[in-house]
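Enquirer: Predicted structure and sequence below. I'll ask about it afterward.
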Amino acid sequence: MKPVLIVRTGRAPDVIAGRHGDFPRWFRLGLRLKDMHLRIVDVQQGDPLPDPDECAGAVITGSASMVTEKLGWSERTAGWIRHAMDSELPLFGVCYGHQLMSHALGGRVDYLPGGREMGTVRLRTHAQAASDTLAAALPAEFHAHATHEQSVLELPAQATTLASSDRDPHHLVRYGTHAISTQFHPEFSAEVMRAYIRRKHDALRDEGQCPDALLAGVAPTPVATRLLRGFLNEHVLAAREPSAA
């Protein structure tokens with residue numbers, strides 16, 4: 001099959017990457033694909049994006065950058081997302097990738113009211129999830145790892161929210177037949193989530209949050225993680241079937 005594209009929009013901090021690896025590894029493990037079935041494009045470093053027809057699907061990663069900065073590489077990637085949507089390429093955006101997809105398709109992204117959302121958060125699925133190709137398998141409530149300051153504040157036209165947290169109403173969004181995104185991080189392990197909280201310990205405390213409580217609340221998130229493999233099975237592989245045409 002054609003490779004699944006990892007659109008790399010950032011990288012893990014050195015202290016985390018040195019112990020746990022970096023974004024491409026986490027997504028490879030979540031998708032359960034071999035390196036030979038992946039193609040990594042580092043758009044933040046200026047790598048050109050391929051024509052969507054050269055890929056079986058694409059995952060757009062998180063980043064320490066902000067969508068509202070409208071950096072050159074980010075806006076070019078937003079244009080590519082619109083092209084990929086026109087081509088019906090299966091897309092899965094995560095965190096920054098989630099926000100960039102919404103921005104590219106006409107939504108509004110800005111800072112989350114009330115400040116940073118971080119840690120293992122409880123999500124609730126919406127009624128629309130019951131009829132969604134990917135979200136139908138989700139329970140009424142599940143947990144996922146999150147760390148973000150910006151969020152999707154207004155959805156693009158025709159987009160549908162499938163799950164939300166107490167803080168963020170748009171944690172899981174459907175844009176089209178084969179396009180979905182998550183504000184949360186299905187690729188994070190509990191160990192990675194703890195590493196991010198420890199790294200932001202002082203910032204969290206300065207913001208009035210309790211990092212120790214966030215650390216104590218970290219737990220495995222198998223339901224969220226399964227979404228990556230579900231995307232591969234239900235969108236990437238299903239899109240290859242003649243009946244999907």
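Expert: Okay, I see it.
Enquirer: surely Ile81 meets Ser102?
Expert: No. At 9.8 Å, Ile81 and Ser102 do not qualify as touching, with contact defined as C-beta atoms under 8 Å. To be clear about C-beta, it is placed using only N, CA and C from the backbone, and glycine gets the same treatment.
Enquirer: For this protein, just list every one of the strands.
Expert: Taking DSSP state E, the strands of the chain run over residues 4-8, 38-42, 57-60, 91-94, 108-111, 117-125, 141-148, 150-154, 160-164, 172-176, 179-182.
Enquirer: Need those in TSV (columns: distance to Val223, mean neighbour count and mean pLDDT).
Expert: Formatted as TSV, those follow (distance: least, C-beta to C-beta, whole Å; neighbours: other C-beta atoms under 10 Å; pLDDT from 0 to 100):
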stretch	distance to Val223	mean neighbour count	mean pLDDT
strand 4-8	22	23	98
strand 38-42	24	17	98
strand 57-60	18	27	98
strand 91-94	15	28	98
strand 108-111	26	16	98
strand 117-125	9	20	98
strand 141-148	4	22	98
strand 150-154	21	20	98
strand 160-164	10	21	98
strand 172-176	11	22	97
strand 179-182	12	26	98
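Enquirer: Any chance of CSV for those, columns distance to Phe27?
Expert: Compiled in CSV, these are given as follows (distance: least, C-beta to C-beta, whole Å):
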stretch, distance to Phe27
strand 4-8, 6
strand 38-42, 8
strand 57-60, 6
strand 91-94, 8
strand 108-111, 22
strand 117-125, 19
strand 141-148, 14
strand 150-154, 21
strand 160-164, 20
strand 172-176, 17
strand 179-182, 12
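Enquirer: among these, which is nearest Met193?
Expert: strand 141-148 (4.2 Å; C-beta to C-beta).
Enquirer: what does that closest one contact?
Expert: 95, 112, 116-125, 163, 165, 168, 171, 182-186, 188, 190, 192-193, 196-197, 200, 218-219, 221, 223-224 (C-beta atoms under 8 Å, 6 or more residues apart in numbering).
Enquirer: where's it relative to the chain centroid, distance-wise?
Expert: Centroid displacement of strand 141-148 relative to its chain, using C-alpha atoms, centre = their mean, to the nearest Å, is 11 Å.
Enquirer: Partner strands of that strand and their direction?
Expert: The pairing partners recorded for strand 141-148 under DSSP bridges are strand 117-125 (antiparallel).
Enquirer: what angle separates the strand it pairs with from strand 150-154?
Expert: 40 degrees (axes from the mean of the first three to the mean of the last three C-alpha atoms, to 10 degrees).
Enquirer: Show which residues not belonging to strand 117-125 make contact with it.
Expert: By C-beta under 8 Å, 6+ apart, strand 117-125 touches 135, 138-148, 151, 162-168, 171-172, 184, 190, 193, 196-197, 200, 204, 209, 214-215, 217-219, 221, 224.
Enquirer: can you give me phi and psi for Lys2?
Expert: With angles defined as degrees, to the nearest 10, Lys2 sits at phi -60, psi 160.
Enquirer: Assess the claim that it and Ala58 are in contact.
Expert: No. The criterion here is C-beta under 8 Å, and Lys2 misses it with Ala58 at 10.7 Å.
Enquirer: Next up, the contacts around Gly115.
Expert: Glu149, Glu207, Gly208, Gln209.
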